[in-house]
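Student: With the sequence up front, the predicted model follows.
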Amino acid sequence: AQGFLLSLPFQYRDSRTDGVMEQVFAQIPRDVLYQRTGIQMMPINTLFQLYAHERMQPGALTSAFRLLLMPDLFHNWLCGSLVSERTNATTTQCWDPKSGAWATDLLDRLKIPTTLLPSVVEAGTVLGEVLPEWRSTLGRSQVIAPATHDTGSAIAATPVQQSGTWGYISSGTWSLVGVELQQPVMTTEAMAANFTNEGGIFGTTRFLKNVMGLWLLQECQRLWAQTGHSSDYDTLMADVDAVPAFAALIDPDDQRFLAPQDMPAAINAYLREHGQASLQAPVAFVRCIMESLVLRYCEVFRQIKELTGANVESVHVLGGGARNTRLNQWLADALDVSVIAGPYEATAYGNALMQLVGLGELHTLQDVRAMAQKEPTMLFSSRPERHAWREASQRFRSMITKV
């Protein structure tokens, strides 16, 4: 591949984007930015990363030849391509889904050079043969672009079998909660609810909201391991039932949980501010996090119904978080719908399916979904416990809507 990285990448939770959203909104009003891009406002978005990068290192972007998102960089190293795949490009907040092109005028207003922007290809596009240096191990393989956004690939692998409206949760460090649509929803109401419109395979739209996800539990486990507390996942899950239900609830999407130094301390600070008792035992934190996530998922699906009219009749939980059987069962109880868990490696499986599209073995969205149905899944049906969840949901909504 020609060219080289100008610097090592930043991790997306880096503090360099602190306060950057407000700086951008001073130049492009929030509503204008949403009306043009349809993307949820989050400091991790590429637009804010680029703006922060230019402020930290003035002139750095003008010295670059091409902007390559991480998956596109790997493609460049494999075959020398200098393109961006659409599903990931749509998430950058630099893309206009209505015109199907980069929103160059927005970048111009922020003095981000648009000459950086690469051509955009669809998932399933053959990018070229692997470079000579890789052929001893890979042969003369074709490099085919999958849906390079990990959630784009995961949703591609959804084993949809039933008719009616289905929702999904791509469950891992983040929980991406949404529905698949044919057109983006970029209304004032969608903006107020902070929903995002991301590209899916075969021209679909992933209308969703990013929820903080199992990051909260992962960070607690990291702190517990450092301080000598038991952090074994299976043990914690086995002990959850010993903790009273709904004793402590948090809003998982509170910004303090994005990158705290001490997640348990951040959770306790939130609880105290909202008139709840601090937690001590690790298993109490686990129950608090899991119940709060389920209630947040329910709130997102309620908003989806308001914004799109879609009444979700079943939910597919995909990715590593789908292994959490208790979380799946609680979700089925709380939503009073069937929950289908799996595939657990949905992103990798969705990648493989789009490789088959590139090779001409699969041709349509229906072909891809039919193949996805061959993967084993686990079904969770709702139980009478849903009444307790309804009461908890009312309490949760009251808590998160307080000014």
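Tutor: Here it is on my side, so go on. Residues are numbered from 1 along each chain as shown.

Student: How about residue 184: what's its closest non-neighbour residue?
Tutor: Once flanking residues are discounted, residue 184 sits nearest to residue 197: 3.7 Å by Cβ to Cβ, 6 or more residues apart in numbering. From N, CA and C alone the C-beta is placed, and that goes for glycine too.

Student: Need the three-state assignment for that neighbour.
Tutor: Of the three states, residue 197 takes strand according to DSSP: H, G, I helix; E, B strand; the rest coil.

Student: Export stretch 51-63 to PDB, keeping only CA atoms.
Tutor: Extracted C-alpha coordinates of stretch 51-63, given in PDB (Å, rounded to 0.1, in the frame of the first residue of the first chain):
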ATOM      1  CA  TYR A  51     -12.500  19.000  14.600                       C
ATOM      2  CA  ALA A  52     -10.700  18.200  17.800                       C
ATOM      3  CA  HIS A  53      -7.700  16.800  15.900                       C
ATOM      4  CA  GLU A  54      -7.400  20.000  13.900                       C
ATOM      5  CA  ARG A  55      -7.600  22.200  17.000                       C
ATOM      6  CA  MET A  56      -5.000  20.100  18.800                       C
ATOM      7  CA  GLN A  57      -2.600  19.900  15.700                       C
ATOM      8  CA  PRO A  58      -3.400  22.800  13.400                       C
ATOM      9  CA  GLY A  59      -2.600  22.000   9.800                       C
ATOM     10  CA  ALA A  60      -2.400  18.200  10.500                       C
ATOM     11  CA  LEU A  61      -5.400  17.500   8.300                       C
ATOM     12  CA  THR A  62      -4.200  19.600   5.400                       C
ATOM     13  CA  SER A  63      -1.000  17.600   5.200                       C
END
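
Student: what's the offset of it from the middle of its chain?
Tutor: Relative to the centre of its chain, stretch 51-63 is centred 27 Å away, using Cα atoms, centre = their mean, to the nearest Å.

Student: List the residues that contact the nearest residue to residue 37 once chain neighbours are set aside.
Tutor: In space, and not counting its chain neighbours, residue 37 is closest to residue 93: 4.9 Å by Cβ to Cβ, 6+ apart. Contacts for residue 93 (Cβ atoms under 8 Å, 6 or more residues apart in numbering) come out as 33, 37, 39, 45-48.

Student: Given the helix or strand harbouring residue 180, what are its sheet partners and their directions?
Tutor: In the assignment (DSSP states H and E), residue 180 maps to strand 175-181. Sheet neighbours of strand 175-181, with direction, are listed as strand 166-171 (antiparallel), strand 205-211 (antiparallel) (DSSP bridges).

Student: Now the very next helix or strand once past the longest one: buried residues?
Tutor: Secondary structure here is assigned by DSSP H and E; on that basis, the next helix or strand after strand 205-211 toward the C-terminus is helix 215-226. Residues 215-217, 219-221, 223-224 are the ones in helix 215-226 that count as buried (16 or more other Cβ atoms under 10 Å).

Student: count of residues packed around the closest residue to residue 34 other than its chain neighbours?
Tutor: Computed as Cβ to Cβ, 6+ apart, the closest residue to residue 34 that is not its neighbour in sequence is residue 191, at 4.1 Å. For residue 191, the neighbour count with other Cβ atoms under 10 Å is 19.

Student: what's next to the helix or strand where residue 191 lies, contact-wise?
Tutor: Element membership of residue 191 [criterion: DSSP H and E] is helix 188-192. With contacts defined as Cβ under 8 Å, 6+ apart, helix 188-192 is touched by 30-31, 34-35, 38, 197, 306-307.

Student: mind checking how far the residue nearest to residue 37 is from residue 134?
Tutor: 33 Å (Cβ to Cβ, to the nearest Å).

Student: hey, what's the residue nearest the centre of the chain bridged with?
Tutor: Centrality entry for the chain: nearest residue to the mean C-alpha point is residue 176, 4.3 Å, by Cα atoms, centre = their mean. In this entry, residue 176 is beta-bridged to residue 170, residue 210, by DSSP bridges.
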